[in-house]
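>>> show me how the following folds:
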Amino acid sequence: MAPITTVLDLTKQPPRSGRTTLGRYAWLARLADKARAQHAGTHDSYIAYCPLSMGFLDRAGVSKDAFETMIAHEYDDERLIGYFDEHVTDEQRAEANRFVLDEHASDLAEQDAEEGYASSGSASPSRNAAN
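Next up is the predicted model:
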């Protein structure tokens, strides 16, 4: 998938699936989409820093403040990947991915179904849903 450099309007389309990897990180693409939209005021009912996002960041060892700074400085996907690759250990990445993909598999399945993604999270969305 090409790097996202523009802000999605989440009133018109959902963020990327939580299963969609950005670099080697599940959830990062979705969090980036929601945080960028929140900054732009186009987040609809999506919450950037929901409990799943906070759990992901905590396990990755990246603070909400650090992530917010990256979003405020308009980091594109490639810059986010660079930051995470530089600051997140392989163990932290594995734990963050386990948290998202294993511990929250049913939440991801529900989100993907609501947003019209195929079970792999790779299909095009067909409608909007929150979180």
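>>> what's downstream of the lengthiest helix in the chain, the next helix or strand?
When the chain is parsed with DSSP state H, its longest helix is helix 28-40. Downstream of helix 28-40, the next assigned helix or strand under DSSP states H and E is helix 51-60.
>>> quick one: residues in contact with whichever helix or strand comes after that following helix.
Proceeding N to C from helix 51-60, the next assigned helix or strand is helix 64-72, under DSSP H and E. The contact list for helix 64-72, computed with C-beta atoms under 8 Å, 6 or more residues apart in numbering, reads 31, 32, 35, 36, 39, 49, 54, 57, 79, 80, 83. Heads up, the C-betas are built off the backbone N, CA and C, glycines and all.
>>> list the helices and strands the longest helix of the chain packs on?
helix 51-60, helix 64-72, helix 77-87 (3 or more C-beta pairs under 8 Å, 6 or more residues apart in numbering; DSSP states H and E).
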